[in-house]
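Student: how would this look folded up:
(chains A and B)
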Protein chains: 2
Amino acid sequence: MTDPRQEAVGQGELEFSPDERDAVYKAIFNRRDVRGQFLPDPVPDEVLARLLQAAHHAPSVGFMQPWSFILVRDASVKQRVHAAFQTANEEAARMFEGSRADTYRRLKLQGILEAPLGICVTCDRDRAGPVVLGRTHIPTMDLYSTVCAVENLWLAARAEGLGVGWVSIFHESQLREALGIPERVVPVAYLCVGRVSHFLRKPELETAGWRPRLELSSLVSFDGWERRSDDDPLLPLLRRE
Amino acid sequence: MTDPRQEAVGQGELEFSPDERDAVYKAIFNRRDVRGQFLPDPVPDEVLARLLQAAHHAPSVGFMQPWSFILVRDASVKQRVHAAFQTANEEAARMFEGSRADTYRRLKLQGILEAPLGICVTCDRDRAGPVVLGRTHIPTMDLYSTVCAVENLWLAARAEGLGVGWVSIFHESQLREALGIPERVVPVAYLCVGRVSHFLRKPELETAGWRPRLELSSLVSFDGWERRSDDDPLLPLLRRE
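Tutor: Residues are numbered from 1 along each chain as shown, chains lettered A, B, ... in the order given. You can find the predicted model right below:
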C-alpha cells in the first residue's frame, strides 16, 4: 500500500502567495449571475475544457463524482429549453402580488437563447451503487456534490472572463424532456455561459431593490444556533466590507 | 432608478491576468477534503472573517442568502457533534459488506475533535417568505445556494493555507440537537477547519483505492443526454490532465 505521506504536499510547496490568495477572492467577490450581457462569440474549446476540469475537481461524497455535463450548442435545443423556462416563468409571475409581480415581470432572468453555450449539470444518483460512503444518512449529499461542481465551474469562468447564469425556473420534468435526461438523473443546474459585454458591480436583484445584502455579522453565532456574543472580536471584522 | 450601466464593470477593468487565473485553478485543483492532518493552532479572526465573507458572496436564489454560520470552538460542543457522528458512523459501517466494510472502518472520515474550528453552515428555508424568485419550481434551490457558500468558503480556505473537511455522516436530527438548530433550518454542512501539517496530492479515497477518478470525457455529451460525438475536438482536450 502506498504511504500516504508520499502523496503529501508540504505546506511550503503549495502555499499561496498573497497575490494568489487575492486572485481567488477576486473571483469569489466579482462572480455574478449573468442574464442580460451575453455576447455571441463561441466559448473556445481550450477554455471550456478548463471549466469542465474545474467542475470535475469539485469535492464529491464518497468520491462518487455523480455529475455529467450536457453541452447545449444547438439552437433548436436551446429553443426547447427556453420554452420550458417560459412555461414555468409565466406560472412564477402569477405567484407574486402587486408591485412585486410587476417588478418580477420586468426582470430579465435568463440568457438561454443569447448565450453561445448552455451547460446542464446533472447528478446520476446511481453512479456508485445504492450505498455511498458519506451519503448513508444525508441522501442529498450527491446533489450537494454536484452543486460544488457548478460553483467551481462558475468561479473558473469568472477568472476566464466568462459570464455564467444559473436558470432554475423550470419544471424539472420539462427540462428532463428537453434534453432527454432519464428519470434517475437529476438536472441540478442549467447554466448559460459566454463572453459578456460587462460584469455588474453588484447582484442585479440587489441593484433592482428586490432584496438587500444581509449583514453578515447577523448570520454568525457561536457554539449553538443564535448564540450571540456581542463582544466577540470577530464581529467588527465581519461588519467592514 | 439607477442606470444599471453605472453599476457595470468594463471587461477591461476587472479582467484576470494569466497569473490570477492560474491562482483560481490552483485553489480548485489543490482543494482537499481534510480529515487527518489538522494542527491545533486557532484560526485567526482576520482569516475567519475573510472565509465567511467569501461564503456570504456565494450566489443565492432570489438573492435569498439563506445561510447562517455556527462557529464551534467549545470542546464540549465538539464532543456532542462527535458523538452524533459516531452513532451514525457505526450504522454506516454495517451497510458495507466484506472487505469494503473493513476498508470503511480503517478510513479516517472526520477531524471534529482535532480541528480547532467547526463551522456548521445552515439553510433557513423561510428567510425570504414562502415565494422566492427562482425557487418557485425547484424547491431545493435554497439548499443549493447554501452549498455554493460552502464551496466558496472551502476554496478561500485553501488559498489561506487552511484545510477543510465536510462531515456528512450524521442523522440530521442529532446534528440539529447538538447545536440547538430549529426545525425549519437545515444543517447543510458541518465543516472542520484549521491549519494542516500537509495537503494530500490526491483525494484520500482515490489513494486508498475506494474509487478511481472517472474519465471526464465520458461524462460530457452534446445537445442531449449521452449524445456522444466521438470526433468533437473538445474531447481530446478533456483527456489530458
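Student: just the helices in chain A please.
Tutor: Secondary structure of chain A (DSSP state H): helices at A:18-30, A:45-56, A:75-93, A:98-106, A:141-159, A:172-179, A:204-207, A:234-239.
Student: I'd like to know which of the ones you listed lies nearest to A:S218.
Tutor: helix A:234-239 (9.1 Å; Cβ to Cβ). Any C-beta I mention is one placed from the backbone N, CA and C, and that applies to glycine too.
Student: pLDDT weak spots in chain A?
Tutor: The model of chain A has pLDDT under 70 over residues A:1-13, A:240-241.
Student: which strand runs longest in it?
Tutor: Using DSSP state E to define each element, chain A has its longest strand at strand A:185-195.
Student: so which elements touch that strand?
Tutor: strand A:117-124, helix A:141-159, strand A:162-167, helix A:172-179 (3 or more Cβ pairs under 8 Å, 6 or more residues apart in numbering or on different chains; DSSP states H and E).
Student: among those, which comes closest to B:N30?
Tutor: Proximity to B:N30 (Cβ to Cβ) singles out helix A:141-159 among those, at 12.3 Å.
Student: helices or strands up against that closest one?
Tutor: Counting contacts by 3+ Cβ pairs under 8 Å, 6+ apart, helix A:141-159 packs against helix A:18-30, helix A:45-56, strand A:67-72, strand A:117-124, strand A:162-167, strand A:185-195, helix B:18-30, helix B:141-159.
Student: in a markdown table: these, plus distance to B:A55 and mean neighbour count.
Tutor: Rendered in a markdown table, the data for the helices and strands packed on helix A:141-159 read as follows (distance: least, Cβ to Cβ, whole Å; neighbours: other Cβ atoms under 10 Å in any protein chain shown):
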| stretch | distance to B:A55 | mean neighbour count |
| --- | --- | --- |
| helix A:18-30 | 9 | 19 |
| helix A:45-56 | 19 | 21 |
| strand A:67-72 | 22 | 24 |
| strand A:117-124 | 21 | 23 |
| strand A:162-167 | 17 | 26 |
| strand A:185-195 | 19 | 24 |
| helix B:18-30 | 14 | 19 |
| helix B:141-159 | 4 | 27 |
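Student: now the ones you listed as JSON lines including distance to B:S168?
Tutor: Listed next are these as JSON lines, based on distance: least, Cβ to Cβ, whole Å:
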{"stretch": "helix A:18-30", "distance to B:S168": "23"}
{"stretch": "helix A:45-56", "distance to B:S168": "20"}
{"stretch": "strand A:67-72", "distance to B:S168": "17"}
{"stretch": "strand A:117-124", "distance to B:S168": "15"}
{"stretch": "strand A:162-167", "distance to B:S168": "23"}
{"stretch": "strand A:185-195", "distance to B:S168": "17"}
{"stretch": "helix B:18-30", "distance to B:S168": "21"}
{"stretch": "helix B:141-159", "distance to B:S168": "11"}
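Student: what about the longest strand of chain A, distance to the chain center?
Tutor: In terms of Cα atoms, centre = their mean, to the nearest Å, the centre of strand A:185-195 is found 8 Å from the chain centre.
Student: could you check the angle it makes with helix B:141-159?
Tutor: On the basis of axes from the mean of the first three to the mean of the last three Cα atoms, to 10 degrees, strand A:185-195 is oriented at 60 degrees to helix B:141-159.
Student: neighbouring strands for strand A:185-195, and are they parallel or not?
Tutor: Here strand A:185-195 has these sheet partners by DSSP bridges: strand A:117-124 (antiparallel), strand A:162-167 (antiparallel).
Student: who's in contact with the last one?
Tutor: Read that as strand A:162-167. A:31-35, A:37-38, A:43, A:47, A:51, A:85, A:109-112, A:115, A:150, A:153-154, A:157-158, A:189-196, A:199, B:59 (Cβ atoms under 8 Å, 6 or more residues apart in numbering or on different chains).
Student: same question, stretch A:70-81
Tutor: A:48, A:112-113, A:116-120, A:122, A:175, A:178-179, A:181, A:190, B:220-225, B:227, B:234.
Student: and A:R213, how far is that from chain B?
Tutor: Going from A:R213 to chain B by Cβ to the nearest Cβ, to the nearest Å gives 7 Å.
Student: so who does that residue touch?
Tutor: A:P203, A:E206, B:F63, B:Q65.
Student: can you pull the buried residues of stretch A:203-211?
Tutor: Buried positions in stretch A:203-211, judged by neighbour count with 16 or more other Cβ atoms under 10 Å in any protein chain shown: A:P203, A:E204, A:L205, A:T207, A:A208, A:W210, A:R211.
Student: then stretch A:83-102?
Tutor: Neighbour counts using 16+ other Cβ under 10 Å place A:A84, A:F85, A:A88, A:N89, A:A92, A:A93, A:F96 of stretch A:83-102 among the buried residues.
Student: show me which of these neighbour chain B.
Tutor: A:A88, A:A92, A:F96 (Cβ under 8 Å from any Cβ of the partner chain).
Student: ok, so of the residues you listed, who is nearest A:G134?
Tutor: Of all these, A:G134 sits closest to A:A88, with 32.5 Å by Cβ to Cβ.
Student: go ahead and confirm that closest one touches A:F170.
Tutor: Yes - the pair A:A88 / A:F170 is scored as a contact, 5.2 Å apart, by Cβ atoms under 8 Å.
Student: please enumerate the shared neighbours of these two.
Tutor: B:H137.
Student: and A:V196, what does it touch?
Tutor: A:V34, A:Q37, A:F38, A:L39, A:L162, A:G163, B:Q11 are the contacts of A:V196 under Cβ under 8 Å, 6+ apart.
Student: picking up where we left off before, what's the closest of the buried residues of stretch A:203-211 to B:R239?
Tutor: Comparing those against B:R239 with Cβ to Cβ picks out A:P203 as the nearest, at 36.9 Å.
Student: please name the residues that touch A:A55.
Tutor: By Cβ under 8 Å, 6+ apart, the contact set of A:A55 is A:W67, A:F69, A:V121, A:A149, A:V150, A:N152, A:L153, A:A156.
Student: again, but for A:A157
Tutor: By Cβ under 8 Å, 6+ apart, the contact set of A:A157 is A:L51, A:G163, A:V164, A:V193.
Student: beta partners for the second one?
Tutor: Note on A:G163: beta-bridge partners by DSSP bridges are A:G194.
Student: A:A208 versus the closest residue in space to A:R105 that isn't next to it in sequence, what's the distance?
Tutor: Among residues not flanking A:R105 along the chain, A:A93 sits closest, at 5.4 Å (Cβ to Cβ, 6 or more residues apart in numbering or on different chains). Distance of A:A93 to A:A208, computed by Cβ to Cβ, to the nearest Å: 15 Å.
Student: swap in A:R35?
Tutor: 11 Å.
Student: list the contacts for the nearest residue to A:E151 once chain neighbours are set aside?
Tutor: Among residues not flanking A:E151 along the chain, B:E151 sits closest, at 4.1 Å (Cβ to Cβ, 6+ apart). Contact analysis of B:E151 by Cβ under 8 Å, 6+ apart lists A:A58, A:P59, A:V147, A:C148, A:E151, A:N152, B:A58.
Student: most widely separated two among those?
Tutor: It's A:P59 and B:A58 that sit farthest apart of the contacts of B:E151, by Cβ to Cβ, at 15.0 Å.
Student: which one of the contacts of A:R213 is nearest to A:V131?
Tutor: Closest to A:V131, out of all of those and judged by Cβ to Cβ, is B:Q65, at 34.8 Å.
Student: B:C123 is in contact with that closest one, correct?
Tutor: No - in this structure, B:Q65 is not within contact of B:C123 by Cβ under 8 Å, at 10.3 Å.
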